[in-house]
Every structure is written in C-alpha cells, then in structure tokens.
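# Provided below are the primary sequence and the corresponding predicted coordinates.
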Amino acid sequence: MRRRGFLGALLSHAVLLAGAVLMAAPFLWMLLTSIRPPEEVFGTVFNLIPTRFAGFENYAEALTSSNLPRAMLNGVIVCVGILAVQLLFAIPSAYALAKLKFRGREWLFGLVLFGLCVPIQVPALPLYLGLAQAGLLDTFFALMAPFALTVFGMFLFRQFFRGYPEEVLDAARLDGMGEFEIVWRLATPAALPAIAAFSIFSIVAHWNDLYWPLIVVTSAERSVPSLAILAFRDTETGGNYGALMAAAAITTAPLILGFFAARRAFLRGITMTGPR
C-alpha cells in the first residue's frame, strides 16, 4: 500500500511538473527572444542561450520607439475603471439573486447564465454604432462602457453569497440595517477573497484585450498595451521580434507580479465560490 501510494504521488507530481513546464515554456521563450539580436531570431543555427546579449537595446527600443509607457498608463486607467464599475453593479446584483426572495429571481439568474454564453463580438456592431453617433469613439468611456456589467461577476459573487449565514443577515435587519447597508458593510468585506479572484480575472482579460480597443481607438493617446505592441509589427520587414518580445515581457510582468501577490486570496476566492 505504501509503495502504491508513493507511486501515485510520484505520478501526480510528474504530471503537474510536466504541465508547469508546458505552461512556462512560452514565457521562457519570450524572455530569451527579448535578449536576442535580430540576426539570431531567424538564424540558421539555433542556440537556446543567445550568443550575444541584446537585452539593453531591445528593451530600450521597446520603451522609446513606441508609446508603450503611455499605453501602459492607459491600460491601468481602463482596467481599474472597468473593475470599479463592475464591482459597483455586480456585488449588489449578486446579493439580490442570492439572498432576496422575489418573483422571477430564478429567471433572472437564468438570463445571467445565458449572458455567459454571449461573446463581445455579438453586440460589438451596435455598440460601435451607438458610440460613433454619440461622438464617444477614441475615449476612455468607449473602452470601458461595454464591460460595465459583468454576468461572470454576478455569477461568481452570487455563488459566494449563497453560503453567507442567514443568521447574520437577520440580526443586521433586526438592528435596523437596510439591504444596501448590509451589502456594503457586511457582505462586501466578507467577500474579499471572491473580489480578489474576480479582480484578477477582470484585469487580465481587459489588459490583454485587443479586439475592442482595435475597433474604438484611433489615436496613440488612447492606445492600450495590446495596441502598443502592434507598433513593432511590420508586414514588409517582418518586424523587430526582439523589441516585440521585450515589449510583451514588459506588459506581462505586472500581471505576473500581481498574481503572485494575490495568489492566496485568488485561490481562496475560487474555492469559496464553488457549487452550493
């Protein structure tokens, strides 16, 4: 039995290690390419470690030859703005779906589940036409407005609030607290792990989003990180892949650091929002 348990643990760790290597390989390739000189990127001889270190020139070009710093600042503004509005609407909506009893509640939750199946490409055209007629293209509002309501956030927080003790809510109501006060003073602080998990999902999705910014952004002043990376793409010369990978590494680094900083809260939030 001990040998069988040891073999099982060894096999499971081997599978996890292989998966970790598979997931880390693209990031390693990105970092190695970001320090390669242009002649080695598509050279006839493959060297895992570059024979000449070109990291300084590639990263310098990534920061100076495009509007990457400005784009990253815009990305922070857009991601934080979207997240703040999403939490403002998703938390009370999810609390109502989880804890308040009213006619049509299950139908509304069914619409939330249906909304999870609708990608941004479906309402993109009417959204674009509406923003164009209102003269709001190439603005932060155009970048943030389509994502103000998040059905995924409503679903995630609803699953969390379903496990919140009814006794605490009844005691708060007896003390004279209204539902909105309960939401923001009791339920929201208790939902911090779920908020951390949702924040990571939201920030990563909108930081990496290229489809919607490519439609509504027309100037460099409103560019976001995904658009700034496109500046290193050249259809005639093939692009400077060393600088491109350097720019990709710069834009990816905040996401990785943020995940490692909040990984405990993220994992706790995911485990606390499972089926109930």
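Received the coordinates, thanks.

# Quote the end-to-end distance of stretch 61-74.
20 Å (Cα to Cα, to the nearest Å).

# What are the contacting residues of that stretch?
Contact partners of stretch 61-74, identified using Cβ atoms under 8 Å, 6 or more residues apart in numbering, comprise 140, 220-225, 227-229, 231-232, 240, 242-244, 246-247, 250-251, 254. The way it works is simple: take the backbone N, C-alpha and C, and place the C-beta from them, glycine included.

# Who are the packing partners of the helix or strand where residue 201 lies?
Here residue 201, judged by DSSP states H and E, is contained in helix 192-207. Helix 192-207 sits against helix 68-99, helix 151-161, helix 241-261, helix 263-271, with contacts defined as 3 or more Cβ pairs under 8 Å, 6 or more residues apart in numbering; DSSP states H and E.

# can you redo the ones you listed as JSON lines with mean neighbour count?
Shown next, in JSON lines, are these (neighbours: other Cβ atoms under 10 Å):
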{"stretch": "helix 68-99", "mean neighbour count": "19"}
{"stretch": "helix 151-161", "mean neighbour count": "22"}
{"stretch": "helix 241-261", "mean neighbour count": "18"}
{"stretch": "helix 263-271", "mean neighbour count": "16"}
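
# Quick check: which of the ones you listed is nearest to residue 55?
helix 241-261 (7.5 Å; Cβ to Cβ).

# Just the CA atoms of that closest one, as PDB, please.
Provided in PDB are the C-alpha atoms of helix 241-261 (Å, rounded to 0.1, in the frame of the first residue of the first chain):
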ATOM      1  CA  TYR A 241      10.900  40.400 -32.900                       C
ATOM      2  CA  GLY A 242      13.500  41.200 -30.200                       C
ATOM      3  CA  ALA A 243      11.900  44.500 -29.300                       C
ATOM      4  CA  LEU A 244       8.400  43.000 -29.800                       C
ATOM      5  CA  MET A 245       9.200  40.300 -27.200                       C
ATOM      6  CA  ALA A 246      10.700  42.900 -24.900                       C
ATOM      7  CA  ALA A 247       7.500  44.900 -25.100                       C
ATOM      8  CA  ALA A 248       5.500  41.700 -24.400                       C
ATOM      9  CA  ALA A 249       7.700  41.000 -21.400                       C
ATOM     10  CA  ILE A 250       7.200  44.500 -20.000                       C
ATOM     11  CA  THR A 251       3.400  44.400 -20.400                       C
ATOM     12  CA  THR A 252       3.200  40.800 -19.000                       C
ATOM     13  CA  ALA A 253       5.300  41.500 -15.900                       C
ATOM     14  CA  PRO A 254       2.700  43.500 -14.000                       C
ATOM     15  CA  LEU A 255       0.100  40.700 -14.400                       C
ATOM     16  CA  ILE A 256       2.500  38.000 -13.200                       C
ATOM     17  CA  LEU A 257       3.600  40.100 -10.200                       C
ATOM     18  CA  GLY A 258       0.000  40.900  -9.300                       C
ATOM     19  CA  PHE A 259      -1.000  37.300  -9.500                       C
ATOM     20  CA  PHE A 260       1.800  36.200  -7.200                       C
ATOM     21  CA  ALA A 261       1.000  39.000  -4.800                       C
END
